[in-house]
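[1] please work out how this folds:
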Amino acid sequence: MSGAESLFTWVYGPGVTRGGSVVGHHQPEALRPVLFLFYTLETIFNMFCMGYHISGFQAIELHVFEWDTVAIHYFYLMTFYFFMVVTLLQSVNICTGNTPAVVTEIWKSSAAAIVFILISLSTMWDAERQFYVFFFASELGDKNSHAFVEDRPIHPIFHYLRGMSISSLTCGILYLLHATIMIDVKLTNDRNQGESKGTYMPIPLFVLGRFIHRKLSAYDWFREFCENDIIYL
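    Numbering: from 1, shown residues only. Coordinates of the predicted model:
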């Protein structure tokens, strides 16, 4: 396959024999490997988020926080864990040849993008709002206020909060890109129904760019992975 023909696969309508039928629509050929790439990256960044979160709260004593503050951080941890497990299961599902549900992909990715971006922003807000927690009360007095005082080192928790915020923001943007591509696939599929079937072409998808995708296309296993048929193991 070469040129534009290698970028798309004609997907036949349900219950239609392949003969000379034109009932169907174009679908990006690389949809399955691109989704697998998204799943892999999302899982990795979820692990980074969990790692920063767990390591950060091992560096402090939780009794200095109110119960509602502790509860919200447990919610963060549950969110990271939930989406990591769901993404891993989706990765296994797509590797066994099952076709992903586009609507489910859109809702899951959109929800994850919103939640992860909010977690990133709220983490930085927590770091600013709770800065006083990591100093003793005696250090906040006016005694010797005009004397030179050496800056104290930053508490390790702030390094972990910054890392978790960056990882969460990156993961949220990745989920947002995932949702955007799935929305395009869904809209193209809907417009290819009825009288205009087959006239709308979806955006071409490449695994790590056109050059690498072309190199991978030389292997039978990759071409088989790109097909929309069920992969029999």
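[2] how far away is His73 from Phe48?
    Counting by Cβ to Cβ, to the nearest Å, the gap from His73 to Phe48 is 16 Å. C-beta coordinates here come from the backbone N, C-alpha and C atoms, glycine included.
[3] next one: Val102
    If you go by Cβ to Cβ, the gap between Val102 and Phe48 works out to 28 Å.
[4] what about the residue nearest to Ser109 when sequence neighbours are not counted, how many residues nearby?
    Closest residue in space to Ser109, ignoring its immediate chain neighbours: Ala179 at 3.7 Å, by Cβ to Cβ, 6 or more residues apart in numbering. Burial of Ala179, expressed as a neighbour count using other Cβ atoms under 10 Å, amounts to 20.
[5] kindly provide the distance from Ala179 to Phe75.
    In terms of Cβ to Cβ, Ala179 sits 22 Å off from Phe75.
[6] go on, Phe48?
    For Phe48 relative to Phe75 (Cβ to Cβ), the value is 18 Å.
[7] look at Pro100 and tell me its secondary structure.
    At Pro100 the chain is in coil, as set by DSSP: H, G, I helix; E, B strand; the rest coil.
[8] mind pulling up the pLDDT for it?
    Predicted confidence (pLDDT) for Pro100: 72.
[9] how about Tyr219?
    70.
[10] would you confirm that Val207 belongs to a helix?
    No. Applying three-state DSSP, one finds Val207 to be coil, outside a helix.
[11] gap between it and Arg214?
    Applying Cβ to Cβ, the value for Val207 to Arg214 is 10 Å.
[12] now for the two: what residues contact both?
    Where contact means Cβ atoms under 8 Å, 6 or more residues apart in numbering, no residue is in contact with each of Val207 and Arg214.
[13] of the two, which one has the most company?
    Val207 (20 against 13).
[14] OK, contacts around the more buried one?
    Going by Cβ under 8 Å, 6+ apart, the list of residues near Val207 reads 30, 33-34, 37, 213, 216.
[15] residue ranges in this structure under the pLDDT threshold?
    For the chain, the stretches flagged by pLDDT under 70 are 1-30, 56, 58-69, 97-99, 127, 129-157, 189-206, 210, 223-233.
[16] can you map out the helices along it?
    31-57, 67-95, 102-129, 156-191, 210-216, 220-226 (DSSP state H).
[17] what distance do you get for Val102 to Leu208?
    To Leu208, Val102 is 22 Å away according to Cβ to Cβ.
[18] higher neighbour count, those two?
    Set side by side, Val102 and Leu208 show more neighbours around Val102, with 15 against 12, by other Cβ under 10 Å.
[19] looks like the residue nearest to Ser109 contacts Ile114 (just checking).
    No. In this structure, Ala179 is not within contact of Ile114 by Cβ atoms under 8 Å, at 9.7 Å.
[20] residues contacting the residue nearest to Thr43 when sequence neighbours are not counted?
    Nearest residue to Thr43, sequence neighbours excluded (Cβ to Cβ, 6+ apart): Thr87, at 5.1 Å. The contact partners of Thr87, by Cβ under 8 Å, 6+ apart, come to 39, 42-43, 46.
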